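Colleague: Just to be clear, the model below is a prediction. Sequence and coordinates:
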There are 2 protein chains.
Amino acid sequence: MTFPEIVPGGSLPLAWQLKDKPVVLIGGGMVASGRLFNLLQADELVTLIAPSNQLHPEVKYRIHEDPIASSRITYLDKVYSGKQDLQGAEIVLTAIDDNEQSLRIWRDAKDLRIPINVADVPPNCDFYFGSLIRRGPLQILVSTNGKGPKLASLIRQRVEESLPENVEGAIKRVGILREKLRERAPEVGGKLGKERMKWMSGICESWNLEELAELDDQGIDKLLDEGWERRKVMGCEEFYGMRRRERRKGLKENVSPLHWFVSGLLLGGLGSWLLFRKRG
Amino acid sequence: MTFPEIVPGGSLPLAWQLKDKPVVLIGGGMVASGRLFNLLQADELVTLIAPSNQLHPEVKYRIHEDPIASSRITYLDKVYSGKQDLQGAEIVLTAIDDNEQSLRIWRDAKDLRIPINVADVPPNCDFYFGSLIRRGPLQILVSTNGKGPKLASLIRQRVEESLPENVEGAIKRVGILREKLRERAPEVGGKLGKERMKWMSGICESWNLEELAELDDQGIDKLLDEGWERRKVMGCEEFYGMRRRERRKGLKENVSPLHWFVSGLLLGGLGSWLLFRKRG
């Protein structure tokens, strides 16, 4: 038996769950404003430590005006003053220019066993950020592990373009399908639980993202009635009948330039023949 | 001024740096084998705790045969026995069937302030894994934040297809360009440092991934001579001259079906006309 080969030199990409957990962000400049944005999307309770005369306009906006952010930020108008500032934090981020101060915060965090990211100082980072995509519940992290931050952003653009416009819709529809399926088969584990998981996997494997996004409430019920109840994984073609899928694929994708060329050739020949026949 | 809107409900995706750091993995079954694979790609020192009669073939292979993994795994043939098993770990992962034991490990990890992921028990996870892509230094994490693990894998496939085949090459070539640029302008910060960063960003923004991957050593030197030395961000077209790019784009992408159709029409007409002229 062969197993996938290990490629060393990477990191462990993961989605840190920080809902309602306390995090500390030290700094209020441009880099800090980016960090703050990413933190707030993960529903943390952020303690922000920075003198008020050093705040970036976006940071000011988040503290004082942003309807979502302002209620989740505890703002301390001061410079970092010691370990007590980090106490209880799940993670710590710093984005300040003072290297000595950064080093001190890093040591304090290490003493307290709190994971820390010191902006622009890779060796003092337990974790790196990368280029991010957010589409509702979907989050995609693109990291070059420090090998090319600008490229990460180029690759992120490419990835973003590849996502179906309605990828959020697909996730939402599958969520509803899964919920309704659980209502019909609520058992956790056991034979029914396994059947449910297997059926659900089968659907996700045989439908593509666009097809899943188009599944409406009526369709979900029909799929459960005709598919799940018979423990049958129906593909999208089978479910709607072949015609719909054919139609959806459209002309442009299916017909090669050769077809267009040959059609033109025949039509041109025919036209010319008709013309000359009349004249002849 | 308007700032991007915060969309709550996400997590904080990040790339955890674990090179040579100790992590503990408890469990040796199929789920554990997947975890082990992801851990080893990040160069950790893994302590694996699981009775030898419960090891998945892949886990066995990693412990005993895999040339990279075997030197990085400390295998303990036993069940988890208490906090001392977690001591010093950077992170802890468990993938065992015994729910009570899982809960105990989770409590111990929390007491020791060690981040933990308990497989299949989302509330006991400080972080989630997602669907991963690895291409050399590039790592991409696709997470639906628990809303659709199967979909994450569908989306991962889509993302994978969108990446240029030589994306690794692009990262590598840009790395070399950056190194050679640093040799010419070694200053950290300051005016020169800022110029260097600006020029480098400009190149990454005006060349696409395929173009970057094709840049050979000679090309890099030429780009530095003709571009950097004049502080000029040259696009790929400008650098090679227009012709090469035009040629590379190829016929197929640029010529619409209409062109093929009209060409056919004209050719067909001409052919027919020639034929009838002779006969006439």
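Modeller: Okay, I see it. Numbering: from 1, shown residues only, chains lettered A, B, ... in the order given.
Colleague: list the contacts for A:Gly10?
Modeller: A:Asn145, B:Gln41, B:Ala42, B:Asp43, B:Arg134, B:Pro137, B:Gln139 (Cβ atoms under 8 Å, 6 or more residues apart in numbering or on different chains). For glycine as for every other residue, the C-beta is placed from the backbone atoms N, C-alpha and C.
Colleague: What about these, which are in strands?
Modeller: Secondary structure from DSSP state E places B:Arg134, B:Gln139 of those in strands.
Colleague: Flag the least confident of the contacts of A:Gly10.
Modeller: Ranked by pLDDT, the contacts of A:Gly10 bottom out at A:Asn145, which has 84.
Colleague: now, among the contacts of A:Gly10, which is nearest to A:Ile203?
Modeller: Distance to A:Ile203, by Cβ to Cβ, is smallest for B:Arg134 among the contacts of A:Gly10, at 27.4 Å.
Colleague: A:Val59 is in contact with A:Ala69, correct?
Modeller: No. Judged on Cβ atoms under 8 Å, A:Ala69 makes no contact with A:Val59 at a distance of 9.6 Å.
Colleague: picking up where we left off before, let's have the contacts of A:Gly10 in CSV, adding neighbour count and distance to B:Ser162.
Modeller: Output for those, formatted as CSV (neighbours: other Cβ atoms under 10 Å in any protein chain shown; distance: Cβ to Cβ, whole Å):
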residue, neighbour count, distance to B:Ser162
A:Asn145, 21, 20
B:Gln41, 24, 22
B:Ala42, 23, 24
B:Asp43, 19, 28
B:Arg134, 16, 15
B:Pro137, 22, 18
B:Gln139, 24, 16
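Colleague: one step back: any residues in contact with both of A:Ala69 and A:Val59?
Modeller: Shared contacts of A:Ala69 and A:Val59 (Cβ under 8 Å, 6+ apart): A:Leu36.
Colleague: Tell me which of the two has more neighbours.
Modeller: The neighbour comparison of A:Ala69 against A:Val59 (other Cβ atoms under 10 Å in any protein chain shown) goes to A:Val59, with 28 against 24.
Colleague: What count of nearby residues applies to A:Asn53?
Modeller: Residues near A:Asn53, counting by other Cβ under 10 Å: 7.
Colleague: Residue of the stretch 101-250 of chain A nearest chain B, please.
Modeller: A:Ser162 (3.1 Å; Cβ to the nearest Cβ).
Colleague: sec struct for A:Leu25, please.
Modeller: Following DSSP: H, G, I helix; E, B strand; the rest coil, A:Leu25 is assigned to strand.
Colleague: Was I right to think it contacts A:Leu45?
Modeller: No. Between A:Leu25 and A:Leu45 there is no contact under Cβ under 8 Å: 11.1 Å.
Colleague: Among these two, which residue is more densely surrounded?
Modeller: Of the pair A:Leu25 and A:Leu45, A:Leu25 is the one with more neighbours under other Cβ under 10 Å, namely 25 against 18.
Colleague: need the contact list for that one.
Modeller: So A:Leu25 contacts A:Ala32, A:Arg35, A:Leu36, A:Leu39, A:Val46, A:Thr47, A:Leu48, A:Ile49, A:Val92, A:Leu93, A:Thr94, A:Ala95 (Cβ under 8 Å, 6+ apart).
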